[in-house]
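Novice: Next one to model:
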Amino acid sequence: MTPFQPDSFIVADIVPSPNVDVRAEDRQPDLILLHYTGMQSGEAALARLTAAESKVSSHYVVFEDGRVVQCVPESARAWHAGVSSWAGETDINSCSIGIEIVNPGHEFGYTDFPLRQTAAVIALCKSILTRRGPISPDRVLGHSDVAPSRKMDPGEKFPWELLSDSGVGHWVRPADLDVQGTTLHPGDRGEHVTRLQRAFQIYGYGLEPIGHYDDKTVDVVAAFQRHFRPARVDGVADPSTVLTLGRLIQTRPTPLG
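Specialist: Modelled structure (predicted):
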């Protein structure tokens, strides 16, 4: 890909990726998708995101020291989401802007995200929201939200609450772990499970209300916990998880219809 002008003032370098195409039906991006790189170094991740043989790319890469590199112009379709879905959409690459955040991930010694890096992610997201709006807060998501059976990033250590406090993303205070109520477990069946699955579907997760707490439901619950109730990630729909989901549905900034 030929060099291009950066879309954001926060960009320090342009490293073009050849792994790019056009957005389907000239779709304008209305979703921001956050990832971690999941590799042993940021430079290795950048090399992979800009190598033709990898068949992957992202619009931005944010390093630990806050340096932001742009690899794909926002007007183009980067290849970062893979097989994924949100709110009934399956071509997430066409509707999103992808941001890779340098972190070794769960495979290589998952670490906390440095404050300087988080500040750069916030500044970049706010730049996108200012220029691209309207992007609803509940469409600032993690890779695990749109691909819960495949991905865990950016994971339970990512400071979603700090982003929300800065005006990026949708967040509510998670319900306490010791709150009382019914707990649903893998393998359970019945109307309670159907209602749980329907609630996840209403919020946007790709889950059908089949009334069986199957492996896919476990994956969605765990993905939800990583993003919205990170104190315990186990795929079990305890009262804290269910109440937090209910609060998010009640406070979401977009219509449910």
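Novice: Test for you: state the pLDDT assigned to the closest residue to Gln225 other than its chain neighbours.
Specialist: Excluding the flanking residues, the one nearest Gln225 by Cβ to Cβ, 6 or more residues apart in numbering is Val233, at 4.5 Å. No exception for glycine: its C-beta is placed from N, CA and C like everyone else's. On pLDDT, Val233 comes in at 98.
Novice: Thought Ala222 was touching Val233, still the case?
Specialist: Yes: when contacts are counted by Cβ atoms under 8 Å, Val233 is listed as touching Ala222 (5.6 Å).
Novice: So which bits of stretch 7-21 are buried?
Specialist: Within stretch 7-21, the residues that qualify as buried are 7-8, 10-11, 16-17, 19-20, counting by 16 or more other Cβ atoms under 10 Å.
Novice: no, scratch that, I was asking about stretch 238-248
Specialist: Buried residues in stretch 238-248 (16+ other Cβ under 10 Å): 238-245, 247-248.
Novice: Could you point out which of those is nearest to Tyr110?
Specialist: Thr241 (21.2 Å; Cβ to Cβ).
Novice: residues touching the closest one, list them.
Specialist: Neighbour list for Thr241: 175, 221, 224-225, 229 [criterion: Cβ atoms under 8 Å, 6 or more residues apart in numbering].
Novice: how about the helices of the stretch 151-257 of the chain, start to end?
Specialist: 160-165, 191-203, 215-228, 239-251 (DSSP state H, counting those that start in this stretch).
Novice: The longest one relative to helix 191-203, how many degrees between them?
Specialist: Put simply, helix 215-228 runs at 50 degrees to helix 191-203, going by axes from the mean of the first three to the mean of the last three Cα atoms, to 10 degrees.
Novice: Show me what helix 215-228 is packed against.
Specialist: strand 140-142, helix 143-146, helix 191-203, helix 239-251 (3 or more Cβ pairs under 8 Å, 6 or more residues apart in numbering; DSSP states H and E).
Novice: Can you give the contact residues for the third one?
Specialist: Contacting residues not belonging to helix 191-203 are listed as 138, 182, 184, 207-213, 217, 220-221, 224, 237, 242, 245-246, 248-249, 252, 256 [Cβ under 8 Å, 6+ apart].
Novice: and Lys126, which of the helices and strands packed on helix 215-228 is closest to it?
Specialist: strand 140-142 (10.6 Å).
Novice: Strand partners (parallel or antiparallel) of the closest one?
Specialist: strand 31-36 (parallel) (DSSP bridges).
Novice: Let me know the next secondary structure element after the strand it pairs with.
Specialist: Per DSSP states H and E, the first helix or strand lying C-terminal to strand 31-36 is helix 42-49.
Novice: Now do that next one: distance to the chain's middle.
Specialist: Taking Cα atoms, centre = their mean, to the nearest Å, one finds helix 42-49 lying 20 Å from the centre of the chain it belongs to.
Novice: And it, what's buried?
Specialist: 42, 45-46, 48-49.
Novice: which other residues reach it?
Specialist: Contacts of helix 42-49 (Cβ under 8 Å, 6+ apart): 15, 17, 19, 37-39, 54, 56-58, 61, 63-64, 69, 71, 100, 102.
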